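In: Predicted coordinates and the sequence they were generated for:
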Amino acid sequence: MTAADHHPTTRTGIPAFEPARLHFGGDYNPEHWPEEVWAEDLRLMRQAGVTMVTAGIFSWGLVEQQPGTYDFDWFDRVMAGLADAGIQVCLATMTASPPPWLSRQHPEILPATAEGARRWPGSRQHYCPSSPVYRRYAVRLVEQLATRYAGHPALALWHIGNEYGCSNPVCYCDVSAADFRRWLRERYGTVEALNTAWSTTFWSQRYGDFEEVLPPRTTPTHPNPTQQLDYARFSDDALLRCCLAEREVLRRITPDVPVTTNHMPHHKPVDPFRWAAYEDVTALDYYHEPYDPRTHIDAAAAFDVTRCAGHGQPWMLMEQAPGAVNWRARNSPKPPGAMRQWSWQAIAQGADAVLFFQWRQSRGGAEKFHSAMVPHAGTDTRIFREVSALGQELATVGQLAGTRCTAEVALLADWNSWWALEQGSHPSSALSHRETLLRHYAPLFEAGVFCDILPPDRELGRYRLLVVPNLYLLSEQTAERLTAYVRDGGHLFVSYFTGIADECDRVHPGGYPAPLREVLGLRVEEFWPLAEGAEVSLRGELSGRADLWSEAIDLEGAQALATFGDGELAGRPALTRHPFGAGVAWYAGTRPEPALMRTLMDRVREESGAAPVLPGLPPGVQATRREGADGRFLFLLNHGSAPATPALPHPMRNLLTSAEPTTTLTLPPRGVAVLEEMAPS
Amino acid sequence: MTAADHHPTTRTGIPAFEPARLHFGGDYNPEHWPEEVWAEDLRLMRQAGVTMVTAGIFSWGLVEQQPGTYDFDWFDRVMAGLADAGIQVCLATMTASPPPWLSRQHPEILPATAEGARRWPGSRQHYCPSSPVYRRYAVRLVEQLATRYAGHPALALWHIGNEYGCSNPVCYCDVSAADFRRWLRERYGTVEALNTAWSTTFWSQRYGDFEEVLPPRTTPTHPNPTQQLDYARFSDDALLRCCLAEREVLRRITPDVPVTTNHMPHHKPVDPFRWAAYEDVTALDYYHEPYDPRTHIDAAAAFDVTRCAGHGQPWMLMEQAPGAVNWRARNSPKPPGAMRQWSWQAIAQGADAVLFFQWRQSRGGAEKFHSAMVPHAGTDTRIFREVSALGQELATVGQLAGTRCTAEVALLADWNSWWALEQGSHPSSALSHRETLLRHYAPLFEAGVFCDILPPDRELGRYRLLVVPNLYLLSEQTAERLTAYVRDGGHLFVSYFTGIADECDRVHPGGYPAPLREVLGLRVEEFWPLAEGAEVSLRGELSGRADLWSEAIDLEGAQALATFGDGELAGRPALTRHPFGAGVAWYAGTRPEPALMRTLMDRVREESGAAPVLPGLPPGVQATRREGADGRFLFLLNHGSAPATPALPHPMRNLLTSAEPTTTLTLPPRGVAVLEEMAPS
Amino acid sequence: MTAADHHPTTRTGIPAFEPARLHFGGDYNPEHWPEEVWAEDLRLMRQAGVTMVTAGIFSWGLVEQQPGTYDFDWFDRVMAGLADAGIQVCLATMTASPPPWLSRQHPEILPATAEGARRWPGSRQHYCPSSPVYRRYAVRLVEQLATRYAGHPALALWHIGNEYGCSNPVCYCDVSAADFRRWLRERYGTVEALNTAWSTTFWSQRYGDFEEVLPPRTTPTHPNPTQQLDYARFSDDALLRCCLAEREVLRRITPDVPVTTNHMPHHKPVDPFRWAAYEDVTALDYYHEPYDPRTHIDAAAAFDVTRCAGHGQPWMLMEQAPGAVNWRARNSPKPPGAMRQWSWQAIAQGADAVLFFQWRQSRGGAEKFHSAMVPHAGTDTRIFREVSALGQELATVGQLAGTRCTAEVALLADWNSWWALEQGSHPSSALSHRETLLRHYAPLFEAGVFCDILPPDRELGRYRLLVVPNLYLLSEQTAERLTAYVRDGGHLFVSYFTGIADECDRVHPGGYPAPLREVLGLRVEEFWPLAEGAEVSLRGELSGRADLWSEAIDLEGAQALATFGDGELAGRPALTRHPFGAGVAWYAGTRPEPALMRTLMDRVREESGAAPVLPGLPPGVQATRREGADGRFLFLLNHGSAPATPALPHPMRNLLTSAEPTTTLTLPPRGVAVLEEMAPS
């Protein structure tokens, strides 16, 4: 069984709460505390407006203290208390981290590094994702758990595992090696097909038998690129199969309870677009970096990925911090107002649930300095006050639940391309998928344009503009679809080092970027990466500075909007435009500085007809829109450090205040407004 | 048997030399040289004023060339020669590094890293501190050695092992793992007690049996903090038990010969305060960094720790370099005069013995470029001339031997807190025990104040001022003692992130810093560590800049001496003062820049009534005092780069010159004066 | 058998091509492509002027798909096609990288790191150089190959292995350990001799038996220096023995076919001077760094080493890139003209063959972004045009083949000293053999002086000037030869930290640098390495700045040309000159800044009488000369960024143009001229 054998379910979505409202709550770990604290927990949850908690994530060690002997009594009391308090439970399958006895009895479940070192118990997730032993014990526990709580009034949603691949994303042990061979046999059928896909004539790597194949453990020099790419695919798949093995049990025993699992943002090992097909609800953990004045832009992109993974369905912010985290080198609290604003940001971008890690701050353990809804210093604290205020505020806007966002612009992102792009042995090791995505996303965000972020296999025709940032690996089929998109009137913006390799990481024959040459109207003869710190100037219709990368471009129909002004490529095209069919294809053969990128992207977008959510938005203000049967709502968030006064096209009512509808509105720094743009239809 | 079972002896102190004098000498490794060189060694030692050598440190490989077969004949001749020359021997137990045959026969003695890699023979100290095999062979050798040299006229002092834990501070092998479990059983009794102490409900880490516990080997993510803390305690204990196993033999066979072992300065793995209880003499190896213009301040703190570990008794500087070392990235010689001055610095701070590594510079091996008393270039060298001059100078001040220093100010330092503080998963990874200690020590040193540096369990009442720099881990008992100290009239200065966790690294409940809130008159609601390179301003009675850390402080009786002038905490208290009982408690919720720290510490100290050794000291001049039955002596050392003229309160005689008593004295750069302040009583 | 048992052959040299010409071509890997591409390959090779290809380097996996079953049919067709096209084959022995089945059947061939981690298959060269298994399989293949192609019309030259030690330079596995013990037994005879050589009395390292000895695997602290040095020697030897095992087969089966193997420039693990004795042709792979404006100087030194390894015989540039490489962090193409110029640079410095990696750019594998003669974008490309133009140009200057270069100045370089120098535990870890060599080479190169770079055991008398940069390890014999060289009238320039240790890395007794004190007329009392970023001034006849290193020098006959102007050594000698016998010895006790180094080196050279190739050369222009029975040729290469007009002493004809002989010649940037200075004799 590979993950691909599973057929996506029709997604069920976030369980409703009556009366309809946005969910609010957090991870609840009552086992950290004496039972006498639990009653106070429930009282304070109600005070804070909590509607849902995620429970049980790390309870395996307590419920199964001896192999096969289960003690759910204490957890029954937790569930009962929550049910009585009217709080829904997003119930974890408790398999996130195995108890010490399991790795003692079965040390072969411990993951291994590419160097061959084991990773040991003492933190969490110390299991090989391919381990049949781990999966067998996990599934057995899930069977017990699902059987016990099937039909429980508090059970609203299953949370499978937790942050898959956070700490054990890739394992290189012998168990994994055997599983990889199985996976390769299924993928390739014959060893000759593998040899072709992996280009094994190079460096005498030809395999005579699948049994000769190993994970890409540390090699004397550059390992085979396709072996690495396939290992990334396999490793993602191994984690997904852990998740699916549990899901199978849950579907069987509690067919009506939706399932989710929480993804991490920009998490290279796990492809959220692929996983989402098996989830009823898409969930994200996002931890803003308060030191970074642009953290909300990074968050915005992660939120868009999450929403689009779930095909636009409302999603859950399953974890965020009420204040500081504890796992960065230096951890800033969230300044007053930031936690509220960033929670609203998730809702503005389509979330229907805002939860935290965690309810009550731990006294001991590795996350005791991670902030919580109830801090060490208790409830007479800024954090508890802000948390409670937010919970109460969310309770007033139930009409937002279930509404959706729409975009006219999409960016493509592809985990396969990411895996292939950031390997060694490339023209430049400085190309970063995440940074490049944000370099293309930010000028759109700053222009107030709402975007989707999609995998390449989605329907493209409904977008006015499609942005393809450095999509190194691109199948011929995708290239054909992009070409057809432009031919049919779409506007396509492609940046450097895109369309270079096929699914096997073999260069498309025919001159770079072979399968896009026709639509772009050009050929790239040579890559000319720039030295660290080096810049080139651009001249022409658009001018400014660029860095990181350049290319020797021959025009084949496209026109140059800018040429290189200096350097070895002086006078050759740098930015191009190519009318093609009913549409236009744009190309950037270098990385413009941010201001120029904004100018360029504004021009491309304007020509495409894609509009900002609200014209004339002051700098620093994010505007989004959600719409549904219950109305259309405009969200305005001021991320800047000065008050802002966005102009509204007609009088609107701010749901977060009791003021009358107005066309003028001043948002203080970190201010949020939710404006009823149109009454329910 | 754990180390704690041993009862400290009454300390014997450094063996007397007749006529009374300060000891002078170095490590003597005659086995590096043909026997014909030995006679010259003895002649030159006499010329240089050598009174004591440390011998035999790495002689195991020669005296036991086959397991169980001992050849001490050559060493008998070394001992006899030294005895004849009137030179005392600090006799090493020869167990510092096992010979190759031992690890070949017993590869299980090789230490292992947290990753699981072995550390191999070929350098030194390649043994697991928990290894019963290593200890058995070591003890057998010590038995032979002690039996052979018991009563030998040259034998003055036993030197057990050498620099314990320098190269093998922590081992993660299976032998260590089993020993750790034994240690935990003794510490906790039941596995439930361990689970409670380690907060194992977190991340599903509950242990069902001690046999499940492992060392904190490399984990997928943050390991359990208390497991790490206990492993630091256990590792220190394993080393100490190696030392005590040998000490037991020595006490039995040569009950009258004192024992010592040499500590390294600011050496995190080994707690000198704990070890000193088992040593008759406290000894330190200190290697100044001549490139660092503040190396003497770092040294001063290390010297104070060493003296205080020995409860004020005269101590030994067992190793220092006559010139350059060879183990830094770039190794500067000591400029002319520096070796003399820094040797005198040790004496000024209570040492009665100044020894070097090593006597004669090696031709081969890993330390051949480490300077020695007799350099490669021979005796017609600056180094040999400076060494001889110092030896002769020391011979003239025998009256200093046995005198002692007294302090009115103490700083607290605690290895347990150090181990807990510098783990990951904290609010800021930039907090450094050593750096913070020096940040608090330096303004006192520069103000000419003589300090003790103590563990928290010492008698505190005799100090006017107690400085507690960032003592993260603090027991309730210590907090109560600090509170009582202030109530009884003491002045207490506490800095940020102190008193946070208990002995099990669990946060003290009740708001930070819970057990000190009463005495400090405040509550810390949130930690607000500053980003790298960021600063905040301070305003109020005291003003300036601060960095690294800030906190949201609520006053509960204390008054603010300074508030934050900008940043998210603008207007909130930063530095506070709280009269409490008969004393005053001060608190710094941030790290002031050095100049402001000096102003602050001057104010605190002045209010406490603690005085500098000599008022009005010119910048760069260190003043200390030693006192005994033979008189009271004032030491002045000019660490500055310009001549200095300290004012003396009354005429004194400089023991290092033949001049008449005077009240005026000019010290050149690197100049030293030893002034007889008061004649013998 | 050790490598030293082999007796060097008389070198055969590069096989002739009829009509006589310089060889041109590249690595040819037809197995990467379908057979239908091969005919086009041959057509394009002819178009590009290819005369020689290197084939089969990584073909093992294809010709021996099952152990012991060989399929050369496809390779027969390759060879036949090349023969028909008149292209000579430099035939690789195909053993560079074993196929996956070999390491699966014999995992013990996998190399191990000093930490004990294996290096796994998946890239290349994943074999332990000491492995008898690897060698047995390799030799068996070579036997098959040599038998099959003996007498083949295309076979011109054997290429043994490939880039020995590129990815597996040192192995620490148990097989290597046993082989090391065998090697030590042969080197030392008795374990006592080893103990003496390794100074094992230090740190209790005495060995009782060879069986106790291990490779210098990771140790707790600094490992034994001589153990490290001997392991470098042994590791070089293990690689050489792989090469010699194959050579033995080739000599037996094809005694008339010359052999070579390709060295890498400045490649620390492999001593080219030692290997060259076993090669008929010396070959180098050199990859310029186009980002580095001084890459041609680094290349020049590597070319000189290669030529001198072969005792001046014409050599092969076996690999270079037509454009960009793909294994640096960021990879620049070669700008237009650079590939041609740098190819000519090799010829100007004595090469008779200029080949590339590789013929046709791969679609897949780890080097698909490495440029090739036929790029991904095909033949309508700058690269193919430049390659073809160069091939055609080289075809016009056949008279250059076989001519030789002569030098009046030599620099000494010694791999043994390199291995010893760059160990830890030295006065400064900032001393770098390669950087220091280039610091001494560059001022000579920039002055237009042609240099040899030699190992210390060569005949010295024919040079006017000998430069010895930081030759830390120096035998007494070499010191005596250097002394005699000066006594007999030679000019010797020695820089700091030279002549310190003997062949066993023991300090020469007698004051630094003991065996050179007489000839240099000085003694170094102490090393005084400078802190990072620190500088000192120099004053006197020569003045300026210096950094990195200083020394306390006592003059013993030499005179100071410059003294230190500040710092702790102010006033002491820094640069000295010592007339000795009929010659002069110069010494630099510090590292002068480049401009001062140029002044100093100019003065030394002028006094020695060594002349530049062409007086009055404009900056940036390299001049070299080759001479033979067919004439004397002057090469001029403009490495600068502006046109240059070197003055010619008499009219000469530029072989690369059809112009008449002239005395004036303007070279554009990257311009090359080959001037017939004197007609054939």
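Out: Perfect, I can see it now.
In: Please tell me I have it right and residue A:232 contacts residue A:271.
Out: No: using C-beta atoms under 8 Å, residue A:232 is not in contact with residue A:271; the gap is 9.2 Å. Where C-beta positions appear, they are placed from N, C-alpha and C, glycine not excepted.
In: any idea which element residue A:248 lies in?
Out: Secondary structure assignment for residue A:248, by DSSP states H and E: helix A:225-253.
In: packing partners for that helix?
Out: Applying 3 or more C-beta pairs under 8 Å, 6 or more residues apart in numbering or on different chains; DSSP states H and E, we find helix A:225-253 packed against helix A:132-149, helix A:174-188, helix A:191-198, strand A:259-260, helix A:272-275, helix A:415-421.
In: who wins for proximity to chain B among these?
Out: Minimum separation from chain B across those (C-beta to the nearest C-beta) falls at helix A:132-149, 11.1 Å.
In: what about that closest one and chain B, touching?
Out: No: Helix A:132-149 does not reach chain B (C-beta under 8 Å from any C-beta of the partner chain); its nearest approach is 11.1 Å.
In: Toward the C-terminus, what is the element adjacent to the helix or strand bottoming out on mean pLDDT in chain A?
Out: In chain A, no helix or strand scores lower on mean pLDDT, DSSP states H and E than strand A:662-664, which sits at a mean of 89. Going down the chain from strand A:662-664, the next helix or strand is strand A:672-678, by DSSP H and E.
In: Against which helices or strands is that following strand packed?
Out: Helices and strands touching strand A:672-678, as assessed by 3+ C-beta pairs under 8 Å, 6+ apart, comprise helix A:338-348, strand A:631-638, strand A:647-654.
In: Direction included, what does that strand pair against?
Out: Neighbouring strands of strand A:672-678 in its sheet, by DSSP bridges, are strand A:631-638 (antiparallel), strand A:647-654 (antiparallel).
In: now those in a markdown table, with distance to residue C:143, mean pLDDT and mean neighbour count?
Out: Output for the strands paired with strand A:672-678, formatted as a markdown table (distance: least, C-beta to C-beta, whole Å; pLDDT from 0 to 100; neighbours: other C-beta atoms under 10 Å in any protein chain shown):
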| stretch | distance to residue C:143 | mean pLDDT | mean neighbour count |
| --- | --- | --- | --- |
| strand A:631-638 | 76 | 97 | 22 |
| strand A:647-654 | 86 | 94 | 15 |
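In: between those strands, which one is nearest to residue C:358?
Out: strand A:631-638 (55.3 Å; C-beta to C-beta).
In: residue of the stretch 151-300 of chain A with the smallest distance to chain B?
Out: Closest point on the stretch 151-300 of chain A to chain B, by C-beta to the nearest C-beta, is residue A:167, at 3.4 Å.
In: can you check the stretch 451-600 of chain A too?
Out: Of all residues in the stretch 451-600 of chain A, residue A:533 sits closest to chain B, with a separation of 20.2 Å (C-beta to the nearest C-beta).
In: follow-up on the earlier one: the helix holding residue A:248 vs helix A:132-149, what angle?
Out: Orientation of helix A:225-253 against helix A:132-149 (axes from the mean of the first three to the mean of the last three C-alpha atoms, to 10 degrees) gives an angle of 30 degrees.
In: Okay, buried residues for helix A:225-253 please.
Out: Neighbour counts using 16 or more other C-beta atoms under 10 Å in any protein chain shown place A:225-247, A:249-251, A:253 of helix A:225-253 among the buried residues.
In: Is it correct that residue A:38 is in contact with residue A:79?
Out: No: look at residue A:38 against residue A:79 with C-beta under 8 Å: they stay out of range, at 11.4 Å.
In: For the closest residue to residue A:346 other than its chain neighbours, pull up the helix or strand it's in.
Out: Counting by C-beta to C-beta, 6 or more residues apart in numbering or on different chains, residue A:346 lies nearest to residue A:317, which is 4.3 Å off, once chain neighbours are set aside. Applying DSSP H and E as the criterion places residue A:317 in strand A:315-319.
In: same deal with residue A:553?
Out: strand A:551-555.
In: who are the neighbours in contact with the residue nearest the centre of chain A?
Out: Using C-alpha atoms, centre = their mean, the residue of chain A that lies closest to the mean C-alpha position is residue A:265, 3.9 Å off. If a contact means C-beta atoms under 8 Å, 6 or more residues apart in numbering or on different chains, then residue A:265 has A:284-286, A:298-299, A:302, A:305-306 as its contacts.
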